[in-house]
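could you look at this predicted model? Sequence included:
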Amino acid sequence: MTDSRQPDSASSAPSGNGADGVTTIYRERQWVPWYWWLAMAFVVALLTAQFGLNRNEYWIYIPAVLLSVIGVWVLVTMSNTVIAVEQDADGTRWLIAGQANLPSDVVSRSLAVPATAKRNAMGRQLDPAAFVVSHGWVPEMVMLVLDDPEDSTPYWLVGCKNPEALLRAFVPEQADAALADFH
C-alpha cells in the first residue's frame, strides 16, 4: 500500500476521505528520540575533528558534510515505521504497520501491553510465528490475537506511543476490555 500523506508524529483525528474512500483514523510515525540526534551530532563533530586534525580546511568541510548526510540518513531510516488505522469505503478498519496490513474483523482479542510488561511480551513466551513491529525507543505495545484460519500468525505485537488511541481506533468494541489492566 502506498502512503502519500505527510508523515506526522501522532494523530488520532480522522483525516478526510481520499479518492478511494479511505479515511485515516489514527496515524503515528515512530521517530527516534531527540537525544539520538544530539548523540549523532556529537559523533559527526568528533569524527570531523579527527579527519581535520593538522590538515587544511577541506579535511574539515568535506567530512562534516558527508558524515552529517550519513547521520541524518541513518536516523531518518530508523524512524521510517508508520503505524496507521484506516477505514475503507466498506467500513472495514485496517491496521497498517510498515508494509503489513491487518483487517479488524480477524482480531478476536486485543490487549494493551504497558512498558513494564514489554520485556516479558518480547521474551521467552514470544511465539516465533508472531508478527512483531517493535523499536527499543517505543516503550508500549498492543497485542492483537488473530482468529483467521487462512493465516498461521497467532498474534501481532505492535509497538506504539499511544496504545489507548490505537485500540480505540482499530477495535473500538474491544478497547475497554483491552485497556482494563493497562493503567
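All right, it came through fine. Here the structure is a predicted model, which is why all the values come from computation and not from measurement.

what sits closest to Arg27 if chain neighbours are left out?
Nearest non-adjacent residue to Arg27, counting by Cβ to Cβ, 6 or more residues apart in numbering: Ala84, 4.4 Å away. Backbone N, C-alpha and C define where each C-beta goes, glycine included.

adjacent strands (with direction) for the one helix or strand the one you found maps to?
Following DSSP states H and E, one finds Ala84 within strand 82-87. Here strand 82-87 has these sheet partners by DSSP bridges: strand 23-29 (antiparallel), strand 93-97 (antiparallel).

in a helix, Tyr61, correct?
Yes. Assessed by DSSP: H, G, I helix; E, B strand; the rest coil, Tyr61 belongs to a helix.

now for it, how many residues are close by?
Tyr61 has 12 neighbours, counted by other Cβ atoms under 10 Å.

relative to Leu46, how far out is it?
16 Å (Cβ to Cβ, to the nearest Å).

now do Thr77
21 Å.

how is the protein divided into domains?
Domain ranges of the chain: 10-30+85-178, 34-78, per automatic domain parsing.

report the distance from the last one to the chain centre.
Relative to the mean C-alpha coordinate of its chain, domain 34-78 is positioned 27 Å out (Cα atoms, centre = their mean, to the nearest Å).

which residues touch stretch 57-71?
40-41, 43-44, 47-49, 51-52 (Cβ atoms under 8 Å, 6 or more residues apart in numbering).

picking up where we left off before, most neighbours per residue, which of the domains of the chain?
domain 10-30+85-178 (a mean of 16; mean count of other Cβ atoms under 10 Å).
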